[in-house]
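Trainee: structure of the sequence below:
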Amino acid sequence: MRRLTFIVLVFVCTFATSAYARSMEEERFMCLALNALARTQCKTPLDYSYIGKQRADIYIFNSFYGAKYTDFYCKIGQGEIQIMSKNKLFRRSVPYYIDDKECGVIEYFPASCTNKHVIRCCFPKSEKELKADKEAEFWERPIPDLLKEDQKEALEKLHESQNKTVKSSETMQE
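Mentor: Numbers count the residues shown, from 1 in each chain. Prediction:
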């Protein structure tokens, strides 16, 4: 009986975690919604708590606003994020676009905020893309720097081998 209960529990936990897993596109849209909300109120994304989703394209966040905690609804549309508070006292519309690297970009700078950097929400890179980036970075470096690194590695290996021979000859004399 215990085995059956354990198997059912494992199955339910596995199913529940897979049901709550988000797609990469959902992650990007959630990132865009959260950062747009933070930018409109001149706060950081860490000031907001994710509450959940209402329908496929509306994300709900909660934060302290107007002397109390308020829910904010962020609807992702085609090229626009509409933000509204629960009792509709706060309304904003923030434009965004998807660039050639499949990143969501927000270039929205309210006059009241001092934070003026562009917001980018991208898909996480795969192992293959990280390796390609590393190779591209290697080939963009100047040749004298590469030669200096090779020389340094060769000298370190030479010193290590010399230290090993000195230590082995010391032990033989004893």
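Trainee: which ones are touching residue 34?
Mentor: Going by CB atoms under 8 Å, 6 or more residues apart in numbering, residue 34 touches 45, 48, 50, 59, 61, 74. Placement of C-beta: from N, CA and C, glycine included.
Trainee: show me the strands in this protein, by range?
Mentor: Counting by DSSP state E, the chain has strands at residues 49-54, 58-65, 68-76, 80-85, 91-95, 97-98, 104-106, 119-121.
Trainee: can I get those in TSV including distance to residue 41?
Mentor: TSV is the format used below for the strands of the chain (distance: least, CB to CB, whole Å):
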stretch	distance to residue 41
strand 49-54	14
strand 58-65	7
strand 68-76	9
strand 80-85	9
strand 91-95	9
strand 97-98	22
strand 104-106	14
strand 119-121	14
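Trainee: now the top helix by length along the chain, how far from the centre of its chain.
Mentor: Of all the elements of type helix in the chain, the one with the most residues (DSSP state H) is helix 143-173. Counting by CA atoms, centre = their mean, to the nearest Å, helix 143-173 is centred 41 Å from the centre of its parent chain.
Trainee: stretch 48-58 now?
Mentor: With CA atoms, centre = their mean, you get 18 Å for stretch 48-58.
Trainee: with stretch 42-49 instead?
Mentor: Centroid displacement of stretch 42-49 relative to its chain, using CA atoms, centre = their mean, is 16 Å.
Trainee: follow-up on the earlier one: closest one to residue 117 out of the contacts of residue 34, please.
Mentor: residue 45 (12.9 Å; CB to CB).
Trainee: measure the closest one to residue 127 for me?
Mentor: With distances taken as CB to CB, to the nearest Å, residue 45 is found 27 Å from residue 127.
Trainee: of these two, which one has the most company?
Mentor: Using other CB atoms under 10 Å, the more surrounded residue of residue 45 and residue 127 is residue 45, with 16 against 7.
Trainee: surely the more buried one and residue 33 touch.
Mentor: No. Under the criterion of CB atoms under 8 Å, residue 45 is not in contact with residue 33, lying 10.0 Å apart.
Trainee: just give me the residue right at the centre of the chain.
Mentor: In the chain, the centroid-proximal residue (CA atoms, centre = their mean) is residue 124; its distance is 6.6 Å.
Trainee: excluding sequence neighbours, find me the nearest residue to it.
Mentor: residue 24 (7.0 Å; CB to CB, 6 or more residues apart in numbering).
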